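S.K.: All I have is the shape, not the residue letters:
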């Protein structure tokens, strides 16, 4: 009887070991990773470059005294925004997560030729915005005459570009590449700043 039970245990152990050896782990497929290898911007007949002039809220300095006083005026750019948005005319690769990609966008246009900027933006079909940062800080000394008020009026031009683009998108896992065409809309730059000082006598 003991030999019979021992034989059953040996068979059970062998069957269990056999099951473990034949077990195969299920490997989940990797999510595709994409990159933009090539991107080019150019201007077609239907594209455009638009200039919008923004007026800055005037800032005033009052002097009710009997002598001239000086004030430091800093040109700030609060509220000025850069923007970027892509529009695709063809189909993107399936399962492509745009939120993980950033690309260089146009920085300037010379003789209808588009040159890349230095900053990367999300590769997004939604309009993205960032605060505008001036290349240099401007600090001006303003002399306000006695019994006078000086008002500072400023304006700044925003260049908005609609350009065509082509890009090569590569699946990093399979190596498959897809050429996609589309449009880019966004801010090229702010420039042509104008500053006007107007003096008004105070009673």
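M.R.: It's in. A quick note: this is a predicted structure, and the numbers were derived from the prediction, not measured. Numbering: from 1, shown residues only.

S.K.: Tell me where the model's unsure across this protein.
M.R.: 1-32 (pLDDT under 70).

S.K.: how does it look with 90?
M.R.: By pLDDT under 90, the weakly predicted segments of the chain are 1-38, 74-79, 88-101, 119, 133-140, 171-176, 178, 203.

S.K.: Can you show me the helices along this structure?
M.R.: The residue ranges that make up the helices of the chain, judged by DSSP state H, are 2-22.

S.K.: if you skip the residues just before and after it, what's nearest to the residue nearest the centre of the chain?
M.R.: In the chain, the residue lying closest to the centroid (CA atoms, centre = their mean) is residue 121, at 2.9 Å. Nearest-residue entry for residue 121: residue 84, 4.1 Å, with adjacent residues in sequence omitted and distances by CB to CB, 6 or more residues apart in numbering. From N, CA and C alone the C-beta is placed, and that goes for glycine too.

S.K.: what bridges to that neighbour?
M.R.: Using DSSP bridges, the bridge partners assigned to residue 84 are residue 128, residue 186.

S.K.: What of residue 148?
M.R.: Under DSSP bridges, the beta-bridge partners of residue 148 are residue 63, residue 201.

S.K.: That one and residue 71, how far apart?
M.R.: Separation of residue 148 from residue 71 (CB to CB, to the nearest Å): 12 Å.

S.K.: quick one: which of the two has more around it?
M.R.: Under the criterion of other CB atoms under 10 Å, the comparison of residue 148 against residue 71 puts residue 148 first, with 17 against 12.

S.K.: Would you check that the more buried one makes contact with residue 203?
M.R.: No: taking contact to mean CB atoms under 8 Å, the distance of 10.9 Å between residue 148 and residue 203 leaves them out of contact.

S.K.: mind listing what residue 201 touches?
M.R.: By CB atoms under 8 Å, 6 or more residues apart in numbering, the contact list for residue 201 reads 147-149.

S.K.: Please enumerate the strands of the protein.
M.R.: Taking DSSP state E to define them, one finds strands in the chain at 34-42, 48-63, 69-74, 81-88, 102-110, 113-122, 128-131, 139-144, 148-171, 177-201.

S.K.: now those strands in CSV, with distance to residue 96?
M.R.: Shown next, in CSV, are the strands of the chain (distance: least, CB to CB, whole Å):
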stretch, distance to residue 96
strand 34-42, 5
strand 48-63, 28
strand 69-74, 44
strand 81-88, 10
strand 102-110, 13
strand 113-122, 13
strand 128-131, 17
strand 139-144, 47
strand 148-171, 7
strand 177-201, 9
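
S.K.: thinking residue 146 is in contact with residue 66, fair?
M.R.: Yes: under the criterion of CB under 8 Å, residue 146 makes contact with residue 66 at 5.1 Å.

S.K.: Looking at these two, which one has more neighbours?
M.R.: Shown here are residue 146 and residue 66; by other CB under 10 Å, residue 146 has more neighbours (13 against 7).

S.K.: Now the more buried one: phi and psi?
M.R.: As for residue 146, its main-chain torsions (degrees, to the nearest 10) stand at phi -60, psi 150.
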